[in-house]
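>>> Quick one: sequence and predicted model below, then my questions.
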Amino acid sequence: MQLPIRLKPILCAAFFALWLHATAQASASLEGVWKEVDDEATTSVLRFEKSGAVWTGKYVQVSADQASVGFRVGEAVIRGRLEGTRFTGEVLLKGVDVDPACPELGVGWVPARMTLVHSGRRLHGAFLGTLVEDGNACRKTGTYWRQYRLQRTE
């Protein structure tokens, strides 16, 4: 069956878009070793592994600053799903300047959104942080997105 000429470019573009989307999804992977790169105090290293549709990053090396607040080698610190180049999941926070009266505030698993960039060599995004009232660390006043970036080491 011969298609009218005006439909051929549209179909070609549609097939190319589908192929490009499928290729991006097939090649996107978090597998391997990644280093946290946002600040010298938090230069821990983690390894991503996939189980079903969920990627989990566990520490293989923990910085002294992060060890001082309770992070350990082998601990899962990031988990979520990768769809194409978009990662949606959670990161684990532990208290740095936690008020003893409300130790649960600002710690635990919090939402994270990230994107694979630089040909899959970097994962850039942010996690949800907690804002507290000045002078009353137990009163939550809001949230904000805090930058979080990882870079492949292998």
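Perfect, I can see it now.

>>> tell me the mean pLDDT for stretch 78-90?
Stretch 78-90 shows a mean pLDDT of 98.

>>> what about it, distance to the chain center?
Its chain's C-alpha centre and that of stretch 78-90 lie 6 Å apart, by C-alpha atoms, centre = their mean, to the nearest Å.

>>> in it, what counts as buried?
78-80, 82, 87, 89-90 (16 or more other C-beta atoms under 10 Å). (C-beta placed from N, C-alpha, C; glycine too.)

>>> Run through who's touching that stretch.
21, 24-25, 28-30, 46, 48, 53-57, 91-92, 109-117, 120, 123, 125, 127 (C-beta atoms under 8 Å, 6 or more residues apart in numbering).

>>> Tabulate the CA atom coordinates of stretch 99-117 in CSV.
Output of stretch 99-117 as CSV, limited to C-alpha atoms (Å, rounded to 0.1, in the frame of the first residue of the first chain):
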residue,chain,number,x,y,z
ASP,A,99,17.3,18.9,68.6
PRO,A,100,17.1,16.1,71.2
ALA,A,101,13.5,17.1,71.9
CYS,A,102,12.5,16.2,68.3
PRO,A,103,15.1,13.8,66.9
GLU,A,104,12.7,12.6,64.1
LEU,A,105,12.4,16.0,62.4
GLY,A,106,14.3,16.2,59.1
VAL,A,107,15.6,12.6,59.2
GLY,A,108,14.5,9.4,57.5
TRP,A,109,13.6,8.7,53.8
VAL,A,110,12.8,11.9,51.9
PRO,A,111,11.7,12.4,48.2
ALA,A,112,14.4,12.8,45.6
ARG,A,113,14.3,13.7,41.9
MET,A,114,17.3,13.4,39.6
THR,A,115,18.4,13.2,36.0
LEU,A,116,21.2,11.3,34.2
VAL,A,117,23.4,13.8,32.4
